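In: Okay, structure incoming, though there's no sequence with it:
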């Protein structure tokens, strides 16, 4: 294959989306928290359509779009863009409301921001089917953290988020 065609394939949005998708899966898999990786998908849009792009979804929620004809960009969901902003990363505002974008050749890559990937996954998990508490609030409060080991269950607990933020409402460690 000649150099021109190889260069085109390296910049194809589907190839880039698959690379990012695999990076995200690898990061979440090594976290040993038991994340359900089947909740992450990549969708490839028809390259013949005028608005062709690829999307990475978590819990059916679009989190990243990869678009562009000449310059490829990764578009970041507003919640992920806020995480990156807090960590000191900068990017261009996208034309679509509240989404941000970074040229893929300038993007640091997901391995560099693995903690934020986990935070986004848990944000999507929590939004997928939240409940107030499973009933272990006193044991969790006394431990100072969620005692449940099944992250796919515990990640949907609203009280777990308070515990992670240092807000303990019950028991011997009560601070609110």
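Out: Here it is on my side, so go on. Just so we're clear, the structure is a prediction, and the values are computed from it rather than from any experiment.
In: how about the strands in the chain?
Out: 40-44, 54-58, 61-67, 73-76, 92-93, 100-103 (DSSP state E).
In: Out of those, which gets the lowest mean score?
Out: Mean pLDDT values for those show the minimum at strand 92-93, a mean of 72.
In: Okay, helices next: where are they in this structure?
Out: Counting by DSSP state H, the chain has helices at residues 3-11, 13-30, 78-86, 114-128, 137-143, 151-154, 158-164.
In: which stretches of the protein have low pLDDT?
Out: For the chain, the stretches flagged by pLDDT under 70 are 1-11, 46-52, 93-97.
In: Against residue 70, how distant is residue 128?
Out: Look at residue 128 and residue 70: by C-beta to C-beta, to the nearest Å, they are 36 Å apart. (Each C-beta comes from the backbone N, C-alpha and C, glycine too.)
In: Which of the two has more residues huddled nearby?
Out: For residue 128 versus residue 70, neighbours defined as other C-beta atoms under 10 Å are more numerous around residue 128 (15 against 5).
In: Give me the spatial nearest neighbour of that one, chain neighbours excluded.
Out: Excluding the flanking residues, the one nearest residue 128 by C-beta to C-beta, 6 or more residues apart in numbering is residue 59, at 4.2 Å.
In: Tell me the spacing between the one you found and residue 127.
Out: 7 Å.
In: do residue 64 as well
Out: Residue 64 is 16 Å from residue 127, by C-beta to C-beta.
In: Give me the domain ranges for the chain.
Out: 3-128, 130-176 (automatic domain parsing).
In: Ends of the last one, what's the gap?
Out: It refers to domain 130-176. 22 Å (C-alpha to C-alpha, to the nearest Å).
In: which residue is nearest the centroid of the protein?
Out: residue 120 (3.6 Å; C-alpha atoms, centre = their mean).
In: surely it meets residue 80?
Out: Yes: with contacts counted by C-beta atoms under 8 Å, residue 120 reaches residue 80, the gap being 5.1 Å.
In: any common contacting residues for the two?
Out: Here residue 120 and residue 80 have residue 63 as joint contacts, going by C-beta atoms under 8 Å, 6 or more residues apart in numbering.
In: Surely residue 130 and residue 155 touch.
Out: No: using C-beta under 8 Å as the test, residue 130 is too far from residue 155 to be in contact (9.3 Å).
In: contacting residues for the closest residue to residue 107 other than its chain neighbours?
Out: Distances taken as C-beta to C-beta, 6+ apart place residue 74 nearest to residue 107, at 5.4 Å, with adjacent residues excluded. By C-beta under 8 Å, 6+ apart, the contact set of residue 74 is 16, 20, 64-66, 101-102, 104, 107.
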